[in-house]
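Peer 1: A structural model of the following input is requested.
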Amino acid sequence: MAAALVASLAVDTDASHTHTYLVEHYWPDATADAFRDAADRLRAAAQAMALASQPIHFLHSTLVLEDENAFCVFSAASSSLVAEAYRRADVPFERIVDALELDSPNQGGAP
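Peer 2: Model (predicted):
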């Protein structure tokens with residue numbers, strides 16, 4: 001089912017239209033503090049870019065310590081803007097994929 005929600009990388013160069021991008025990280029020996037620091041740097045990089053009229057917004061992030069994986073989600077006009085935020089924040093990543101994010105109708109309830 002996850003494959004239905006996450007498609008392969010797609011680039012949209014139309015700045016008036018944004019996509020949701022999921023960024024995957026593999027972080028062996030990650031700590032919550034290191035992840036918070038990286039997420040803060042990514043948020044700051046995206047904010048600086050947005051202030052410079054580049055359509056990008058850091059939405060949220062998740063760390064799965066047990067699996068040594070982390071995921072960050074952005075809204076942006078293109079995957080290249082997301083990659084640029086990562087370059088500015090000096091945070092490594094495995095891949096960026098175009099994703100579909102849905103709000104839960106039961107905010108906090110069972111699916």
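
Peer 1: Distance of the residue positioned nearest the centre of the chain relative to residue 57?
Peer 2: Geometric centre of the chain, nearest residue: residue 73, 2.6 Å, by Cα atoms, centre = their mean. Noted for residue 73: a distance of 10 Å to residue 57, by Cβ to Cβ, to the nearest Å. Any C-beta I mention is one placed from the backbone N, CA and C, and that applies to glycine too.

Peer 1: Just list what the longest helix anywhere in the chain packs against, helices and strands only.
Peer 2: In the chain, with assignment by DSSP state H, the single longest helix is helix 32-51. Contacts defined by 3 or more Cβ pairs under 8 Å, 6 or more residues apart in numbering; DSSP states H and E place helix 32-51 against strand 56-64, strand 69-76, helix 79-89.

Peer 1: send the alpha carbons of it over as CSV?
Peer 2: Provided in CSV are the C-alpha atoms of helix 32-51 (Å, rounded to 0.1, in the frame of the first residue of the first chain):
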residue,chain,number,x,y,z
ALA,A,32,17.5,11.9,19.0
ASP,A,33,19.7,15.0,19.7
ALA,A,34,21.6,14.7,16.4
PHE,A,35,18.3,14.2,14.6
ARG,A,36,16.8,17.3,16.2
ASP,A,37,19.9,19.3,15.2
ALA,A,38,19.7,18.1,11.6
ALA,A,39,16.0,18.8,11.5
ASP,A,40,16.5,22.3,12.9
ARG,A,41,19.2,23.0,10.3
LEU,A,42,16.9,21.8,7.5
ARG,A,43,14.0,23.9,8.8
ALA,A,44,16.3,27.0,8.9
ALA,A,45,17.6,26.3,5.4
ALA,A,46,14.1,26.0,4.0
GLN,A,47,12.9,29.1,5.8
ALA,A,48,15.9,31.1,4.4
MET,A,49,15.1,29.8,0.9
ALA,A,50,11.4,30.7,1.3
LEU,A,51,12.3,34.2,2.4
